[in-house]
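**Student:** Sharing a sequence plus its predicted fold:
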Amino acid sequence: MNRWNFFAAVVIASLLASHAHAAAGDHRRGLEKSQVCQSCHGRTGNESLQPSYPRLAGQHEDYLIHALKSYRDGSRQNAVMAGFAGDLSDQDIADLAAWYSRQDGLSDLKVD
């Protein structure tokens with residue numbers, strides 16, 4: 001491999017790595033960004049104020065990302081969630097999904 005091909009490969013790998021890192025959710029930032037979510041879903045996503053509000057804790061991260069993006073683009077209809085999700089960036093969504101997916105939740109529920 002000549003010097004220019006090697007240099008190009010390093011640059012491309014660096015760009016891909018930085019893009020992948022930017023897209024990854026940060027659960028600590030997700031906690032910070034979840035202040036509005038907490039008013040209905042609780043701090044960890046387990047303390048919903050209404051039984052009709054879903055538990056977010058323990059949901060799969062990719063499901064939470066899909067749901068929030070669907071509320072944001074309108075393909076999933078809910079007037080309340082559309083208002084909250086409409087201004088979220090992809091990074092905000094990734095961070096929130098990282099936070100709620102790491103909480104104890106659905107997998108810990110006991111069915112009688």
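**Tutor:** Perfect, thanks for sending it.
**Student:** and the most centrally placed residue in the chain, what element?
**Tutor:** For the chain, residue 97 is the residue whose C-alpha lies nearest the centre (C-alpha atoms, centre = their mean; 2.3 Å). Residue 97 belongs to helix 90-101 when elements are defined using DSSP states H and E.
**Student:** Who are the packing partners of that helix?
**Tutor:** helix 3-23, helix 27-33, helix 35-41, helix 61-73 (3 or more C-beta pairs under 8 Å, 6 or more residues apart in numbering; DSSP states H and E). Where you see a C-beta, it was placed from the backbone N, CA and C, and this is true even at glycine.
**Student:** Going by neighbour count, which residues of that helix are buried?
**Tutor:** 92, 93, 94, 95, 96, 97, 98, 99, 100, 101 (16 or more other C-beta atoms under 10 Å).
**Student:** doesn't residue 26 make contact with the fourth one?
**Tutor:** Yes: with contacts defined as C-beta atoms under 8 Å, residue 95 counts as touching residue 26 at a distance of 5.2 Å.
**Student:** got the contact list for residue 69?
**Tutor:** 85, 90, 93 (C-beta atoms under 8 Å, 6 or more residues apart in numbering).
**Student:** Format these as JSON lines; extra columns: distance to residue 52 and pLDDT.
**Tutor:** Formatted as JSON lines, the contacts of residue 69 follow (distance: C-beta to C-beta, whole Å; pLDDT from 0 to 100):
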{"residue": "85", "distance to residue 52": "18", "pLDDT": "95"}
{"residue": "90", "distance to residue 52": "28", "pLDDT": "98"}
{"residue": "93", "distance to residue 52": "22", "pLDDT": "98"}
